[in-house]
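> pasting the sequence and the predicted coordinates here, then a few questions.
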Amino acid sequence: MQQSDWWSSFIDRSSSADVEMKRRKFVFYFTSYVGSTIIYLFAFQHINSENTLLKTVLFGGASLILVNVAFSHFFHEKKFFTYICGLCVSLMMLGLVYSGGHMNTGLYWVFPFPFVLFVLFGYQVGLASNLVVYGLIWFLLVNQQLIPAEYSDEEISRFLSSFLATVFLMFIGEFFRYQSHLEMESINIDKHRQANTDQLTKLPNRRFLDSVYIKQVIGEPGSNFPLTVVALDIDHFKQVNDTHGHHIGDEILKHFAGLLSSHSRDTDMVARIGGEEFVILFPQTELTRGYILAEKLRRVIEENCFYYENAPIPLTASFGVACALTDSDLNVAFKKADAQLYEAKESGRNQVK
Ligand SMILES: Nc1nc2c(ncn2[C@@H]2O[C@H](COP(=O)(O)OP(=O)(O)OP(=O)(O)O)[C@@H](O)[C@H]2O)c(=O)[nH]1
């Protein structure tokens, strides 16, 4: 696995999408329950009116919205119902213009609805649906002989221009709101990445291992166990630091991390958990195979010394190997790998135990 790439496979964008979905759901419920209640109140206000069409639009619209939201509670996926709600809202707008509303004031009551379409559908589909509704309203208004409502020419031209301006202003507002949401999401991801990355080697750190990776492994036992844990530690690193200086020590750590990353699979997890201590987790790997992989890495390190001013600085590491067959063995496997590493150090270093 490339050191700089490891984070991308762990980015969890679902929580950000959840925030957007929550906002949509909230507007959906609010529009549906509060909106339908208000429309019912208007409908009852006009119960004795002779405008049957207006009564049909109000009662029909409110009932459709209410039935739709009631049904949505029985399903986990709400998207379909938000679309139906958007369709009801669009029909309500057209119904108001068509019937003229109370004393031909229908045009004024259309203005709150474009916002609902933007929130329910997002800025792109929101703009498209608002423009479709606008086109249909325009068609009704320029063909007044087709509708029962009566509007004056000034009223129509003022409505068409102010409605269009409202839709575009709402589009701009929704567009920039969404852009800042994406920016905040990327800042958030970047902060998480920094907190979970070892700044020197760019490998995942202990925090990542404990709070993200292990949770994911336990959450998907089928694709991870048996899991081999390899604890490793550079030999006599203090001596390297003392001889060549701390900054060369740092370069050696980067070189070491690069060797481990480039000689393991994308599915393996290489992490720096302390000064010169590393851990490699091999998912779906039994103990015997784990020993073979650790021995391969031991040789790679031994054979690839670090060069400083064209002079080789030999490098070796000691390894401790253990295997967890299930998630409940994981803690024991970590402790066992540490104990094995200690034994490798005690037995002379540069070996796998
Ligand atoms: N350059 C550098 N050195 C570090 C860093 N973190 C820890 N160290 C050094 O790593 C050394 C670890 O020394 P010890 O724990 O004595 O281990 P060792 O010398 O490798 O000996 P063994 O592990 O027993 O083989 C110390 O000198 C630390 O200062 C780092 O980020 N950069």
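Good, I have the coordinates.

> so the residue in the stretch 101-250 of the chain positioned nearest to the ligand is in which element?
Nearest residue of the stretch 101-250 of the chain to the ligand: residue 249, at 2.5 Å (CB to the nearest ligand atom). Glycine gets a C-beta too; all of them are placed from N, C-alpha and C. Per DSSP states H and E, residue 249 falls inside helix 246-262.

> who touches that helix?
Residues from elsewhere that reach helix 246-262 (CB atoms under 8 Å, 6 or more residues apart in numbering): 1-3, 200-203, 234, 237, 240-241, 270, 272, 276, 278, 280, 297, 300-301, 304, 306, 308, 313, 315, 317.

> okay, buried residues for it please.
248, 249, 251, 252, 253, 255, 256, 257, 258, 259, 260, 261 (16 or more other CB atoms under 10 Å).

> try stretch 336-345
Burial within stretch 336-345, assessed by neighbour count using 16+ other CB under 10 Å, is assigned to 336, 337, 338, 340, 341, 344, 345.

> do it and the ligand meet at all?
Yes - against the ligand, stretch 336-345 shows contacts by CB under 6 Å from any ligand atom at residue 345.

> and the buried ones among the contacts of helix 246-262, selectable in PyMOL?
Selecting only the buried entries of those in PyMOL, with 16+ other CB under 10 Å as the criterion:
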select buried, resi 1+3+201+202+203+234+237+240+241+270+272+276+278+280+297+301+304+306+313+315+317
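
> farthest residue from the center of this protein?
With distances taken as CA atoms, centre = their mean, the residue sitting farthest from the centre of the chain turns out to be residue 50, at 53.0 Å.

> how about it, phi and psi?
phi -90, psi -10 (degrees, to the nearest 10).

> ok, now how distant is it from residue 148?
Separation of residue 50 from residue 148 (CB to CB, to the nearest Å) stands at 11 Å.

> grab the longest helix from this structure for me.
Assignment by DSSP state H gives helix 153-195 as the longest helix of the chain.

> just after that one, pick out the following helix or strand.
Going down the chain from helix 153-195, the next helix or strand is helix 206-208, by DSSP H and E.

> in that next one, what's buried?
residue 208.

> for that helix, packing partners?
strand 269-272 (3 or more CB pairs under 8 Å, 6 or more residues apart in numbering; DSSP states H and E).

> just the C-alphas of the strand it packs on, formatted as CSV.
Output of strand 269-272 as CSV, limited to C-alpha atoms (Å, rounded to 0.1, in the frame of the first residue of the first chain):
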residue,chain,number,x,y,z
MET,A,269,-2.3,-2.5,7.6
VAL,A,270,1.1,-1.1,8.4
ALA,A,271,1.1,1.4,11.3
ARG,A,272,3.7,3.3,13.3
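
> tell me what that strand is packed against?
Checked by 3+ CB pairs under 8 Å, 6+ apart, strand 269-272 has helix 206-208, helix 246-262, strand 277-282 packed alongside it.

> now for the helix or strand just after the last one, which elements pack on it?
Read that as strand 277-282. Toward the C-terminus, strand 277-282 is succeeded by helix 287-303 as the next helix or strand (DSSP H and E). Secondary-structure packing of helix 287-303 (3+ CB pairs under 8 Å, 6+ apart): strand 227-234, helix 246-262, strand 277-282, strand 317-324.
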